[in-house]
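Peer 1: missing the sequence, but the structure's below:
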Ligand SMILES: N[C@@H](CCC(=O)N[C@@H](CS)C(=O)NCC(=O)O)C(=O)O
């Protein structure tokens, strides 16, 4: 019996977990949930009811995306994603992403719910706290930890993707050329194609959905 991953396709936390599972080649049973109608099995596994949640056969649960990434890569990490992520200052970027950047991103996305400041002001704040530090690094190397990707790229990319998607025209014309290049390489990469597999909503009793999907048979 494979571990179960409760997931939501567009959730950036779930995307980073799926990216790490794909990179590690660790197989799980994927259960796509609807956040407005969470399955009882998800709530029984993790009362917080957030996704992603990884549940093992013997009942153990990992309910945080960064810990799921870490666990997956500890199983198999042929390309050194964990080692490169240990470079000075890199993990602190993930803290920024999940903290100040995520808060500014949510306010930029839903600026009408935060009438005290304009969407542009929240966007400027998001840029200052994460995009500028990313740009400084990505102007020097194609990935955050050097020439090749690591856990930190995969942890941060889904949030930058969401930020870029709020106003795609603004993002396309923005001065963050190195970050855009990095974003586009991840967005169009093979790992994202694998991680963004479309599956129907899971319902109790459904047959397991294997993730990552088995490679299609070559003709
Ligand atoms: N700290 C958690 C946060 C996960 C999270 O907040 N996920 C959102 C979806 S993007 C969620 O499940 N929200 C609960 C809800 O909308 O009811 C993690 O890193 O996995």
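Peer 2: Structure's in. What do you need? Everything numeric here is computed off the predicted structure, so don't read it as measured data.
Peer 1: Any idea how many residues pack against the residue lying closest to residue 45 once chain neighbours are set aside?
Peer 2: For residue 45, ignoring the flanking residues on the chain, the nearest one in space by Cβ to Cβ, 6 or more residues apart in numbering is residue 55 at 4.7 Å. Where C-beta positions appear, they are placed from N, C-alpha and C, glycine not excepted. The tally of other residues near residue 55 (other Cβ atoms under 10 Å) stands at 22.
Peer 1: Residue 55 against residue 7, yeah?
Peer 2: No. Using Cβ atoms under 8 Å as the test, residue 55 is too far from residue 7 to be in contact (11.6 Å).
Peer 1: Bridged to the residue nearest to residue 45, which residues?
Peer 2: Bridge pairing for residue 55 (DSSP bridges) gives the partners residue 4, residue 61.
Peer 1: Quote the end-to-end distance of stretch 52-59.
Peer 2: Start-to-end span of stretch 52-59 (Cα to Cα, to the nearest Å) is 16 Å.
Peer 1: Enumerate the positions of that stretch that are buried.
Peer 2: 52-55 (16 or more other Cβ atoms under 10 Å).
Peer 1: how about the lengthiest helix in the chain: buried residues?
Peer 2: The longest helix of the chain (DSSP state H) is helix 151-166. Buried residues in helix 151-166, defined by neighbour count with 16+ other Cβ under 10 Å: 151-164, 166.
Peer 1: Show me what secondary structure element comes after the helix or strand encompassing residue 192.
Peer 2: In the assignment (DSSP states H and E), residue 192 maps to helix 190-195. Going down the chain from helix 190-195, the next helix or strand is strand 210-211, by DSSP H and E.
Peer 1: helices and strands around that following strand, which ones?
Peer 2: With contacts taken as 3 or more Cβ pairs under 8 Å, 6 or more residues apart in numbering; DSSP states H and E, strand 210-211 sits against strand 28-32.
Peer 1: Figure out how far the strand it packs on is from the centre of its chain.
Peer 2: With Cα atoms, centre = their mean, to the nearest Å as the basis, strand 28-32 stands 16 Å off its chain's centre.
Peer 1: same check, this time on stretch 112-126
Peer 2: How far stretch 112-126 lies from its chain's middle: 23 Å, per Cα atoms, centre = their mean.
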